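Asks: Test case, fold it:
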Amino acid sequence: MVALRDRLAGAGHRVLTFNYPYAERGSKSPDRAERLVECHRAAADLLRETVDVFFMAGRSMGGRIATYLAADGYPAAGVILYAYPLHPAGKPESLRVAHFPTVTAPLLFFQGTRDALSRMNLFELHIVTLPNVAVELLEGATHSLTGGGWSEEAMLQHLSERSASWIEGVSSGRTAGTGP
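Replies: Sure thing, here's the model as predicted:
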């Protein structure tokens, strides 16, 4: 995420990265969802004050928490999700989609086709069909956004270019963020 942040910043976008409290404590166990949302909201509030058009983004759990804020009505022009954890590992019946009907901001998903936290059949059924969704399938990539023949450099280049292009399109009104 740091390398992606640096590339987006290099393309002229103001970007803020942060750690959740559990990560700052050195714990591997995430805080309760309420605490994660509180932390994400505080970081979003800081960045939103410094930009004309505000977007949220996150990888895995960070993206999930951003969508919770968006579902709560947090004012964002769009949300970018890198490897959205559609369900816990080995528990595809525990989908994390109940909040999506209240998300009105455009969403951009970068999803690996071999992501163990997002079975493709479920992703296509529950995510691709949502309104205001754009999807970038990363053929062969896993939840860590590696694999499938993607070099780290190629993945970073793809994610940064496509993210910047989508942000610019949504910001200018050229795209509503829809379509696969």
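Asks: wait, Ala141 sits on Gly147?
Replies: Yes: judged on Cβ atoms under 8 Å, Ala141 makes contact with Gly147 at a distance of 5.4 Å. For the C-beta atoms, the positions are set from N, CA and C on the backbone; glycine is no exception.
Asks: Settle it for me: which of the two has more neighbours?
Replies: The residue with more neighbours, out of Ala141 and Gly147, is Ala141; 22 against 17, by other Cβ atoms under 10 Å.
Asks: How about the contacts made by the more buried one?
Replies: The contact partners of Ala141, taken as Cβ atoms under 8 Å, 6 or more residues apart in numbering, are 112-115, 147-148, 150, 155.
Asks: my guess is it is in a helix, correct?
Replies: No: counting by DSSP: H, G, I helix; E, B strand; the rest coil, Ala141 is not part of a helix but coil.
Asks: Show the pLDDT at it.
Replies: The model reports Ala141 with a pLDDT of 97.
Asks: Which neighbouring residues are in contact with the residue lying closest to it once chain neighbours are set aside, exactly?
Replies: Once flanking residues are discounted, Ala141 sits nearest to Gly112: 3.1 Å by Cβ to Cβ, 6 or more residues apart in numbering. Contacts here follow Cβ under 8 Å, 6+ apart; on that basis Gly112 touches 83, 118, 137-138, 140-143, 145, 147-148.
Asks: swap the cut-off to 6 Å and go again
Replies: 138, 141-142 (Cβ atoms under 6 Å, 6 or more residues apart in numbering).
Asks: Could you do Arg119 as well?
Replies: Pro92.
Asks: ok, 8 Å please
Replies: 86-87, 92.
Asks: Same check on Tyr74?
Replies: Listed by Cβ under 8 Å, 6+ apart, the contact partners of Tyr74 are 41, 44, 56.
Asks: wait, isn't the second one in contact with Ala70?
Replies: Right, the one you point to is Ala44. No: counting by Cβ under 8 Å, Ala70 is not a contact partner of Ala44; they are 10.0 Å apart.
Asks: Give the residues shared as contacts by those two.
Replies: In contact with both Ala44 and Ala70: 56, 76, using Cβ under 8 Å, 6+ apart.
Asks: before we move on, back to that, gap between the residue nearest to Ala141 and Thr142?
Replies: 5 Å (Cβ to Cβ, to the nearest Å).
Asks: distance of Ala3 from His87?
Replies: Distance from Ala3 to His87, by Cβ to Cβ: 27 Å.
Asks: Neighbour count for those two, which is higher?
Replies: Higher neighbour count among Ala3 and His87: His87, with 19 against 13, using other Cβ under 10 Å.
Asks: Touching, the more buried one and Asn121? I think so.
Replies: No: using Cβ under 8 Å, His87 makes no contact with Asn121, being 11.7 Å away.
Asks: For the nearest residue to Val128 once chain neighbours are set aside, what are phi and psi?
Replies: Leaving out its chain neighbours, the residue that sits closest to Val128 by Cβ to Cβ, 6+ apart is Val135, at 5.7 Å. Main-chain torsions, Val135, degrees, to the nearest 10: phi -130, psi 130.
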